[in-house]
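*Asks:* no sequence on hand, only this structure:
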């Protein structure tokens, strides 16, 4: 229910600690900051798990205030969802002001004057439970994806960074992989310290490295078409390395202005500047701007192998960056980075394990996207009374 970003912890005098300490069930409202697209007034729900995990009392920072409802009148989770609806419907805009160049939310005026229409408590709880269940599933998918990515990274690191199977064979240790996999790994390291028979190559020889560009923003004929066009900003908010949609789109005429053209599904995108390191696999055909290194993986290395290789070699990538205004890695510097390529049987064996992990991540992201769309569609309808919870549950049963 809302994302609790890192809250700055400050020491506070004991005499004011009690009235400023955040408790489970509180809803925080942002009072400063924001942008044109995301004005101040955003809210976040403080769950019991957040409070329980804190080592110290949580104290509201200067850029936020919190609401603690009367439990006899307002369900705390319903209040959070109600504020979400008020915010996204922009009905809170009259309380946004610009003060000395800083956007602020007038919390005192809002708390004292804003009128919220409230259904009976049982209905509040039912609405909160319905919306919360969707959010909980999205959070479960996020945690599952983090685990799946950690598994894939651990496998890559063991096989291709630490050379664990080869070192174990050298030491005569008991096999820790299946009988079909164990003999695929060399029993010795060569003079270069890599498994015998494995090849030293460059990333530029193993994947097609391309860049992108931005069609003229002064020509409306190039924009708002049906073709996805990505910028690093599209990757900055991803919960998992899966790109399903871009915030902007171009027309066929716009695509003609980009030399790299339309990158196929499965292309790996790495932001190459401001900042370097956003990374995702495109699950839709996509054109890219100049802030990317695009990798088309149609040679020996799969996109999943290239994804995990890039994660493991981010320090080397950053070390190749240069620039006076901001750090950037050029396609030429990136192409020259060395990569150890294992034998074809090992590559195939790795893909057989790692690809399903990524595919599950992508499946979870698609599901979370659908759940979020459902939640956002339901929120105003449930809050306005246009849709009752019992009606929604009946519709779900009919389509089950």
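*Replies:* That came through, no problem. The structure presented is a predicted model; accordingly, all values stated were derived computationally and were not measured. Numbering: from 1, shown residues only.

*Asks:* what helices and strands are in contact with the one helix or strand residue 349 maps to?
*Replies:* In the assignment (DSSP states H and E), residue 349 maps to helix 344-384. If you count contacts as 3 or more Cβ pairs under 8 Å, 6 or more residues apart in numbering; DSSP states H and E, helix 344-384 packs onto helix 76-88, helix 121-156, strand 242-243, helix 303-312, helix 389-399. Heads up, the C-betas are built off the backbone N, CA and C, glycines and all.

*Asks:* can you check what angle separates it from helix 76-88?
*Replies:* Interaxial angle of helix 344-384 relative to helix 76-88 (axes from the mean of the first three to the mean of the last three Cα atoms, to 10 degrees): 90 degrees.

*Asks:* gap between helix 344-384 and the chain center?
*Replies:* How far helix 344-384 lies from its chain's middle: 11 Å, per Cα atoms, centre = their mean, to the nearest Å.

*Asks:* average pLDDT for it?
*Replies:* Regarding helix 344-384, the rounded mean pLDDT is 97.

*Asks:* for residue 325, phi and psi?
*Replies:* As for residue 325, its main-chain torsions (degrees, to the nearest 10) stand at phi -80, psi -50.

*Asks:* er, residue 200 actually
*Replies:* According to degrees, to the nearest 10, residue 200 has phi -90, psi 120.

*Asks:* wait, it sits on residue 342?
*Replies:* No: contact status for residue 200 versus residue 342: not in contact, 11.2 Å apart, counting by Cβ atoms under 8 Å.

*Asks:* more neighbours: which of those two?
*Replies:* Using other Cβ atoms under 10 Å, the more surrounded residue of residue 200 and residue 342 is residue 342, with 25 against 10.

*Asks:* how close does the closest residue to the more buried one other than its chain neighbours sit to residue 189?
*Replies:* Take residue 342 and drop its neighbours on the chain: the residue closest to it by Cβ to Cβ, 6 or more residues apart in numbering is residue 198, 5.0 Å away. Going from residue 198 to residue 189 by Cβ to Cβ, to the nearest Å gives 10 Å.

*Asks:* try residue 67
*Replies:* If you measure residue 67 against residue 189 using Cβ to Cβ, the figure is 62 Å.

*Asks:* equivalent analysis for residue 25, please.
*Replies:* 58 Å.

*Asks:* ok, the two, which is more surrounded?
*Replies:* Using other Cβ under 10 Å, the more surrounded residue of residue 25 and residue 189 is residue 25, with 20 against 15.

*Asks:* where does the prediction get shaky in this protein?
*Replies:* Residue ranges of the chain with pLDDT under 70: 1-20, 34-37, 98-102, 390-400.

*Asks:* quick one, domains of it?
*Replies:* 14-118, 127-187+342-400, 203-340 (automatic domain parsing).

*Asks:* which of these sits most buried?
*Replies:* domain 203-340 (a mean of 18; mean count of other Cβ atoms under 10 Å).

*Asks:* gap between the two ends of it?
*Replies:* End-to-end distance for domain 203-340: 9 Å, by Cα to Cα, to the nearest Å.

*Asks:* how far does that domain sit from the chain's center?
*Replies:* Worked out by Cα atoms, centre = their mean, domain 203-340 lies 16 Å from the chain centre.

*Asks:* the chain should start at 29 in everything you say after this.
*Replies:* Right, with 29 as the first residue, what we last looked at is domain 231-368.

*Asks:* for residue 73, see how far away residue 144 is.
*Replies:* 16 Å.

*Asks:* my error: substitute residue 292 in the last question.
*Replies:* Residue 292 is 41 Å from residue 73, by Cβ to Cβ.

*Asks:* same deal with residue 331?
*Replies:* 37 Å.

*Asks:* go on, residue 156?
*Replies:* From residue 156 to residue 73 the distance is 10 Å (Cβ to Cβ).

*Asks:* kindly report the same for residue 111.
*Replies:* Residue 111 is 9 Å from residue 73, by Cβ to Cβ.

*Asks:* please enumerate the shared neighbours of these two.
*Replies:* Any residue near both residue 111 and residue 73 by Cβ atoms under 8 Å, 6 or more residues apart in numbering counts here, and that gives residue 55.

*Asks:* wouldn't residue 243 be in contact with residue 277 here?
*Replies:* No: judged on Cβ under 8 Å, residue 243 makes no contact with residue 277 at a distance of 11.1 Å.

*Asks:* need the overlap of contacts for those two.
*Replies:* Common neighbours of residue 243 and residue 277 (Cβ under 8 Å, 6+ apart) are residue 251.

*Asks:* for the closest residue to residue 49 other than its chain neighbours, which three-state class applies?
*Replies:* Spatial nearest neighbour of residue 49, chain neighbours left out: residue 85 (4.7 Å); criterion: Cβ to Cβ, 6+ apart. Three-state call for residue 85 (DSSP: H, G, I helix; E, B strand; the rest coil): coil.

*Asks:* and stretch 73-82, how far from the chain's centre?
*Replies:* Distance of stretch 73-82 from its chain centroid, counting by Cα atoms, centre = their mean, is 22 Å.

*Asks:* same question, stretch 148-159
*Replies:* With Cα atoms, centre = their mean as the basis, the mean position of stretch 148-159 lies at 29 Å from the chain mean.
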